[in-house]
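Enquirer: Could you look at this predicted model? Sequence included:
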Amino acid sequence: MKKLFWFLDINYEAKKGKPEIWIWGIDDQDDRVLIVDRDFPAYFYLVLKEGQNPQKLIDVVNSRKAAEFPSVVKLEPGQRRYFGKTVDVVKVYCREPDVIAKYGKAVAKIEGVKESLEDDVRYAVRYIIDNNLSPCGWHEVEVEEEKNDLDVQVDKLYIAKSRPKSVEKTGVPKLRILAFSTIAYSPKGAPKADKNPVVLISVRSNAGEERQFVAKNSDDKSVLESFVNYVRDFDPDIITGYGTNRQDWPYLTVRAKKQGVKLLVDRADTEPHMSVYGHVSITGRANVDFFDFSDELQEVKVKTLENVADFLGVMKSEKRTQIEEIEFSTHWEDPKKRPTLLRFSSENSRSVMGIAEEMLDFAMQLSSLVGLPLDHVGTAAVGFRIESFLMREAYKIGELIPKRVERPYIPYVGAVVLAPKPGLHENIAVLDFKAMYPNIMIMYNVSPDTYVPQSDPEPKAGVNIAPEVKHRFRKEPPSFYKEVLSSLITSRDQIRPKLNRLDPKSSEYKVLDARQKAVKVITNAAYGYAGWTGARWYVKPVAEAATAWGRHIILSTVDAAKKTGLEVVYSDTDSIFVNNDAEKINNLSEKARKEIGLEIKPDTIYKRILFTEAKKKYAGLLPDGRLDIVGLEVVRGDWASCAKNVQEKVLEIILKKKAPDEATEYVRQYIAELRRKRIAYKDLIIWKTLAKPVEEYEVKAPHVEAARLLLNEGWELSMGDKVGYVITVGSGKLYEKAKPYFLTSYDKVDVEYYVTNQVVPAASRILTMFNIPEDRLLPSKDMKLLTDFRPKD
DNA sequence: GCATGAAAAATACCC
DNA sequence: ACGGGTATTTTTCATGCG
């Protein structure tokens, strides 16, 4: 019979020495199904040296089969492409997927064999690639129903009688989604899984059901058991949380072991386990940690659950309960405070569900586009997402997948940035080339498979030669990147008009918009991937040529703009800022289309814009009255809010009223308030990322010393964590005065540091442009305050 | 021994 | 664990003074 199903998860099992692919899905009857494919061969390729006879090599492998390669079941000669060149290969089929890495290595040493390829492609990945499956997409497969004697939690179990095939059907079945959040308790310091219990687990389903499992007498055995029972009972397709891959799951795993509870939350009667890219795998369900998608939200600087939820406008109807981690213990211990902790935890699980509602579509579209299962795609770094996408595309055109190899890093020249004309400018248009690098690669056929090394003769069809660097790329046939990027751009162009016809609140709109975003992310990252030394398809000249053409294009555009009579006040990479003269702009864009072959169009219009001397920093007033602030302290996460708020206000006064004196007065007032400690404590916190383990730092930096204090108190910190600190009074170096904000208090804060090193520099950056020296920003001693309220902390 | 300034380390931004 | 270009702060180191 034919079965239609939506792809949720995939895993590989070895049953009695025979590999099985298990695909977990949901069918069009809303049944949860497991489809088992027992008939998919593992394989890798041998690439032959030029002029070798494939049959000879097949004979050699066969003769050594009994001793060395017992798992080989078939050897098949053929041809593939490798970096655009046709090569002779032998496809080596093996009974067990686990041997291919080992066999590949051994067989590569045989005389006449150049190398082995694709022996580093995992079995389940292989299955997705070869069958062109789309995670989070619909498929059709010929199946036979089988009795469920595998003890898996599904409605139906099927054996695949054909390979699944992706079908056009859109939409997502009615999924059961479970959000959860946990709270652990330790009397002092950060909770440690080996001794401190999980006293509270809050769950929330997408049907709106809310539950809390609360420990009695700080014993978490029943909490764990109830949680496991609830999960099994609710049987979610997606289990989601925030920070669960790094925090909750590992913690729960240790607690469960400690308490002798089996954490059987999956559909196959096994416990959660670590999988590739540092994600926790829960067989048969998708474990999605939205912290892994928080990079997408560049505006959110400190990626806490609260900040992300607030940014997305989740939980807007109510005031949030805020409890610092350090206060969990007192809240748990105090019967009066405990209800607040329970409320806090419940709000957390609701925030997670809210975030899921906002971001799950994107996660699914990305998963479906790049071919990584939903639970993997979040933890995979950008480079691996693209690579996964490219591996699928390569298979379709018979291009072999290069091995991952370590290479030295050699820098190359990137884009041009022109010095801005400092000061205020009125009515400025930003013209930019849309998707410049992808379009360059398409136009000049720039790709790993079309690159012609210096030593190679020029191909018949001719070459495109990059300016400056002189790298050559075959004009024909259409390159790998060209095909891939063109189809991405086309698919996005097809989505956009559809969006205009839909209600932005409809689910159809949300899905399409998410698709469009996923496509954009992948398209834009292709250039960066090309220049990444870790890439399988790394070819430095590809990235180097793209930027060389980019420089050439933007510089000739700047030139043309000037000739047309436009004044260019700034330019960065693919954009030029000019006076908003519609006719001249039209001329220019017409000229660019004809002479360069790329489209340059007005994007943003600024009623007024301010540049300082610095590149990559400016602030503009938009037609609707909003400010667009770029690069300045206001948009940086590593400045205290007090400095950012003041700078923003200064910019607003300058851009809207052109009143530097008023702005100066504002700063003076603010500083007077700050010196009286009337500015909120949280506005003094400076957040910085811990980019490596504390021990590896070569210098004593404030945030590193603050991190050290946290570690001494038993808090856990790892790479990528943000450290929030304040500067306290005292003598010596700055790093000696930096303290984690929740281990000190306002009365110890050195407000003069914030005046001198935060507020004044941030304000001065702008006001210097209007000849206002720093000392004019400092209030006189007897300055009267406009406001007079009691200090708050 | 110490002030001074340049260099290095570190971070976060822009596109 | 996608690129290079850029600004900025703080620490660290080298230098020269007397």
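Expert: Sure thing, it's come through. Bear in mind the structure is a predicted one, so any value in this text is a computation, not a measurement. Numbering: from 1, shown residues only, chains lettered A, B, ... in the order given.
Enquirer: C-alpha from now on. contacts and neighbour counts both.
Expert: Noted.
Enquirer: Could I get the pLDDT score of the residue nearest to residue A:167 when sequence neighbours are not counted?
Expert: Among residues not flanking residue A:167 along the chain, residue A:139 sits closest, at 5.1 Å (C-alpha to C-alpha, 6 or more residues apart in numbering). Listed pLDDT for residue A:139 reads 98.
Enquirer: and residue A:139, how far is that from residue A:707?
Expert: Between residue A:139 and residue A:707 the computed distance is 49 Å (C-alpha to C-alpha, to the nearest Å).
Enquirer: between the two, who's got more neighbours?
Expert: In terms of neighbours (other C-alpha atoms under 10 Å), residue A:707 is the more surrounded of residue A:139 and residue A:707; the figures are 27 against 22.
Enquirer: Which is the succeeding secondary structure element to the helix or strand harbouring the more buried one?
Expert: Residue A:707 is located in helix A:702-712, with elements delineated by DSSP states H and E. Moving toward the C-terminus from helix A:702-712, the next helix or strand (DSSP H and E) is strand A:722-727.
Enquirer: tell me which strands and helices the helix or strand following that next one is in contact with?
Expert: With elements assigned by DSSP H and E, the helix or strand that comes after strand A:722-727 is helix A:734-737. If you count contacts as 3 or more C-alpha pairs under 8 Å, 6 or more residues apart in numbering; DSSP states H and E, helix A:734-737 packs onto helix A:702-712.
Enquirer: How far away from the center of its chain is the helix it packs on?
Expert: Remark: helix A:702-712 is offset 27 Å from the chain centroid, using C-alpha atoms, centre = their mean, to the nearest Å.
Enquirer: sorry, back to before: tell me who's in contact with the residue nearest to residue A:167.
Expert: Counting by C-alpha atoms under 8 Å, 6 or more residues apart in numbering, residue A:139 touches A:4-7, A:133, A:164-167.
Enquirer: quick one: residue A:499 from residue A:367, how far?
Expert: With distances taken as C-alpha to C-alpha, residue A:499 is found 21 Å from residue A:367.
Enquirer: what about these two, which has more around it?
Expert: residue A:367 (25 against 17).
Enquirer: What helix or strand is that one located in?
Expert: Using DSSP H and E, residue A:367 sits in helix A:338-370.
Enquirer: Whether that helix contacts DNA strand C - can you check?
Expert: No: if you take C-alpha under 7 Å from any atom of the strand as the test, helix A:338-370 misses DNA strand C, and the best it gets is 14.2 Å.
Enquirer: Mind listing what's buried along that helix?
Expert: Residues of helix A:338-370 classed as buried: A:338, A:340-342, A:344-356, A:358-370 (neighbour count, 16 or more other C-alpha atoms under 10 Å).
Enquirer: repeat for stretch A:432-441
Expert: A:432-433, A:436-441.
Enquirer: do the same with stretch A:389-399
Expert: Neighbour counts using 16+ other C-alpha under 10 Å place A:389-395, A:399 of stretch A:389-399 among the buried residues.
Enquirer: ok, now stretch A:152-161?
Expert: A:152-154, A:156-161.
Enquirer: quick revisit: inside helices: which ones of the buried residues of stretch A:389-399?
Expert: Of the positions in those, A:389-395 sit in helices, assigned by DSSP state H.
Enquirer: Am I right that residue A:271 is in contact with residue A:261?
Expert: No: using C-alpha atoms under 8 Å as the test, residue A:271 is too far from residue A:261 to be in contact (10.5 Å).
Enquirer: Contacts only, for the residue in the stretch 151-300 of chain A positioned nearest to DNA strand C.
Expert: Closest to DNA strand C within the stretch 151-300 of chain A is residue A:277: 7.2 Å, counting by C-alpha to the nearest atom of the strand. Applying C-alpha under 8 Å, 6+ apart to residue A:277 gives the contacts A:376, A:379-380.
Enquirer: So which residues on chain A come close to DNA strand B?
Expert: With C-alpha under 7 Å from any atom of the strand as the criterion, chain A meets DNA strand B at residues A:301, A:572-575, A:616-617, A:629-632, A:635-638, A:687-692, A:696-699, A:701, A:704, A:722.
Enquirer: Just the buried ones from those?
Expert: Of those, these count as buried by 16+ other C-alpha under 10 Å: A:301, A:572-575, A:616, A:629, A:632, A:635, A:637-638, A:687-690, A:704, A:722.
Enquirer: May I have the secondary structure class of the most centrally placed residue in chain A?
Expert: Closest residue to the average C-alpha location of chain A: residue A:295 at 4.7 Å, with C-alpha atoms, centre = their mean. With DSSP: H, G, I helix; E, B strand; the rest coil as the basis, residue A:295 sits in helix.
Enquirer: for residue A:526, same thing?
Expert: Put simply, residue A:526 is helix when judged by three-state DSSP.
Enquirer: Quick check: pLDDT value at it.
Expert: Note on residue A:526: pLDDT of 96.
Enquirer: OK, contacts around it?
Expert: Counting by C-alpha under 8 Å, 6+ apart, residue A:526 makes contact with A:386, A:438.
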